[in-house]
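> Quick one: sequence plus predicted model below, questions after.
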Amino acid sequence: MGRFEGELLVRAEKVAGLYPDPRSAIIPLCHLAQEQDGYVTEEAIAHIAELVGATGAEVQGTASFYDMFKFEPVGEYVIGVCTNISCMLRGGYGLLEAASSTLGVPPGETTPDGMFTLEEVECVAHCDKAPAVQINYRYFGPVDSEGFAELVGQLRSGELDGQIPKHGTLGRVLRDAPPLIPVEEIDAERARQDGEREARAASREV
Ligand code: FES
């Protein structure tokens, strides 16, 4: 895996076609690559670069800015325990310790069976339910150590399959709509604005 294939290749080409400038599709295509492999592989970076007419370095440089993209394999479930202020005040550090002991790995590592990666995360905007836990970008709280162990048990048994998607999957609904404004109109507006900019620059030089 790595390069898009089959149905994912069709989706990737469609995503690239949604933007007047295909390079704008770098981020959604990285999400698609992560949906396929769980992380953004070097092969996926090269393929995305081909699809959008960029260099691999540009794709890597854009994607590496965002914490949500992983460049190394991660567990099937990426679990983030928040220790930011609200969660810290409501036992976030204790919960992180309990999570680490339940999973048997320290933050930043993956369980030997490849099922869970534990992370300590900054605020995930679930402060009113502190201390909060994020699992594959779905949110739970308030969670205590027993609740955490219960969640892990439910994940292992598949009980939460309908609620928590495969790692890397973000949207519940696929975007499948053309641009709201025809590409020709966008190009014409760009050309008009470029013309105005050049005219302004020329008048400053006189
Ligand atoms: S501080 Fe933990 S979710 Fe905001």
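Perfect, thanks for sending it. Numbers count the residues shown, from 1 in each chain.

> The residue most central in space within the chain and residue 134, how far apart?
Note on the chain: the residue nearest the mean C-alpha position is residue 68, at 4.0 Å, using Cα atoms, centre = their mean. Distance of residue 68 to residue 134, given as Cβ to Cβ, to the nearest Å: 11 Å. For every residue, glycine as well, the C-beta is placed using N, CA and C.

> helix/strand/coil for the residue nearest to residue 84 when sequence neighbours are not counted?
Nearest in space to residue 84, with sequence neighbours left out and distances taken as Cβ to Cβ, 6 or more residues apart in numbering, is residue 123 at 4.0 Å. When classified by DSSP: H, G, I helix; E, B strand; the rest coil, residue 123 comes out as coil.

> Look up phi and psi at residue 123.
Main-chain torsions, residue 123, degrees, to the nearest 10: phi -40, psi 130.

> how about it, what does it touch?
Each residue near residue 123 by Cβ atoms under 8 Å, 6 or more residues apart in numbering is listed here: 82, 84, 85, 86, 87.

> again, but for residue 92
81, 82, 83, 84, 130, 131.

> is the first one in a bridge, and if so with what?
In this structure, residue 81 has the following beta-bridge partners (DSSP bridges): residue 120, residue 133.

> in a strand, that's where residue 67 is, yeah?
No. Residue 67 is assigned coil when assessed by three-state DSSP, not a strand.

> From residue 13, how far off is it?
Here the criterion is Cβ to Cβ. By it, residue 67 lies 27 Å from residue 13.

> Comparing those two, which residue is more hemmed in?
residue 13 (14 against 10; other Cβ atoms under 10 Å).
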